[in-house]
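> Got a predicted structure here, sequence first:
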Amino acid sequence: AQSVAQPEDQVNVAEGNPLTVKCTYSVSGNPYLFWYVQYPNRGLQFLLKYITGDNLVKGSYGFEAEFNKSQTSFHLKKPSALVSDSALYFCAVRGGDSTLTFGKGTMLLVSP
Amino acid sequence: DAGVTQSPTHLIKTRGQQVTLRCSPKSGHDTVSWYQQALGQGPQFIFQYYEEEERQRGNFPDRFSGHQFPNYSSELNVNALLLGDSALYLCASSLGTSRRHYEQYFGPGTRLTVT
C-alpha cells in the first residue's frame, strides 16, 4: 500500500523568507507525486507534480518542489513567502493502482 | 471553461437518513473520483468512476455507492448516515484512468453535517 507522511502539522515563516514544507512517501514502482493547496472552505488546487526527469519541479505561484529518490522525499519550497501563501498544503502520491493517496496536510502560516 | 462543480454546498442530515451528492466534471474530463475529508485530515479516496462503472474503491463500506452518467457527471450516495460521516466530500475529475501522471482537478466540495 502507498502512503504519504507530512511530519509537520504547521510551518511558520516570516514574509520574504524562504519556506519548505516536507513530504516523504512510500509506493511500489515509479512514483507520481503531487502538491495541492487548500484555502478555507475551498476545494484543493493543483500546484505542481513530479512525473519523471528533472528533480526540481516548478509550479504555480512561484512554488517548486525537489524530488529525492534516495530519501523518498518531495519537499515543497518557495524562495520568498507571501502572506497570501498561508493555507493548508497536501502532498499526494499515485502508485500502480492509479489511486491518489494524500498526507494529512501541513498548515503554512506566513506572518507579515 | 467551467471547472468541477458540486452541489449542494452544504447539507444537514439526521442519523439514519440517506444523502445524494452531485458532481459535474471539468469540461473534457471523463473520470470522476470521490474523496471524504474529515476535519483536520487529508482527503480519503472513496471510489472512482470511468465509463459509467466503478473502477477503483477505497476502504469504505457498502453504504457508500455511486453512479456516473453518460455525460460523465456523477453522484455519491450514502445510506444509513452515521455521525462519523460528517465531512467535506470532494469530487475530482481527470482524463482517463490509465493516465496516472495526469493531475486531478477538484471541486469546492459539499459539507455534510450529520446530527
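All right, it came through fine.
> CA atoms for contacts and neighbours, from now on please.
Noted.
> quick one: low-confidence parts of the chain?
All of this is about chain A. Residue ranges of chain A with pLDDT under 70: A:97.
> oops, chain B please
In the predicted model, chain B carries pLDDT under 70 at residues B:1, B:97-101.
> Show me where it has its strands.
Applying DSSP state E to chain B gives strands spanning B:5-7, B:10-13, B:19-24, B:31-37, B:44-50, B:53-57, B:64-68, B:74-78, B:87-94, B:105-106, B:110-114.
> again, but for chain A
Using DSSP E, strands in chain A cover A:3-5, A:10-14, A:19-21, A:24-26, A:32-38, A:44-50, A:56-58, A:64-68, A:73-78, A:87-94, A:100-102, A:106-111.
> Tell me which of these sits nearest to residue B:109.
Among these, the nearest to residue B:109 by C-alpha to C-alpha is strand A:44-50 (9.0 Å).
> and the closest one with chain B, contact?
Yes: contact of strand A:44-50 with chain B (C-alpha under 8 Å from any C-alpha of the partner chain) involves A:44, A:45, A:46, A:49.
> Closest one of those residues to chain B?
Of all the residues of strand A:44-50 next to chain B, chain B sits closest to residue A:44, with 5.6 Å by C-alpha to the nearest C-alpha.
> ok so, going back, right, and the strands of chain A - which one's nearest residue B:91?
Ranking the strands of chain A by proximity to residue B:91 (C-alpha to C-alpha) places strand A:44-50 first, at 9.9 Å.
> okay, the angle between that closest one and strand A:87-94?
Using axes from the mean of the first three to the mean of the last three C-alpha atoms, to 10 degrees, the inter-axis angle of strand A:44-50 relative to strand A:87-94 is 50 degrees.
> strand partners of strand A:44-50, parallel vs antiparallel please.
Applying DSSP bridges, strand A:44-50 is found paired with strand A:32-38 (antiparallel).
> just the CA coordinates of the strand it pairs with, formatted as CSV?
C-alpha atoms of strand A:32-38 as CSV (Å, rounded to 0.1, in the frame of the first residue of the first chain):
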residue,chain,number,x,y,z
TYR,A,32,3.9,10.2,-9.4
LEU,A,33,3.9,13.0,-6.8
PHE,A,34,1.7,16.0,-6.4
TRP,A,35,1.2,19.1,-4.3
TYR,A,36,-2.1,20.7,-3.7
VAL,A,37,-3.2,23.7,-1.7
GLN,A,38,-6.5,24.2,0.1
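> All good on my end, thank you.
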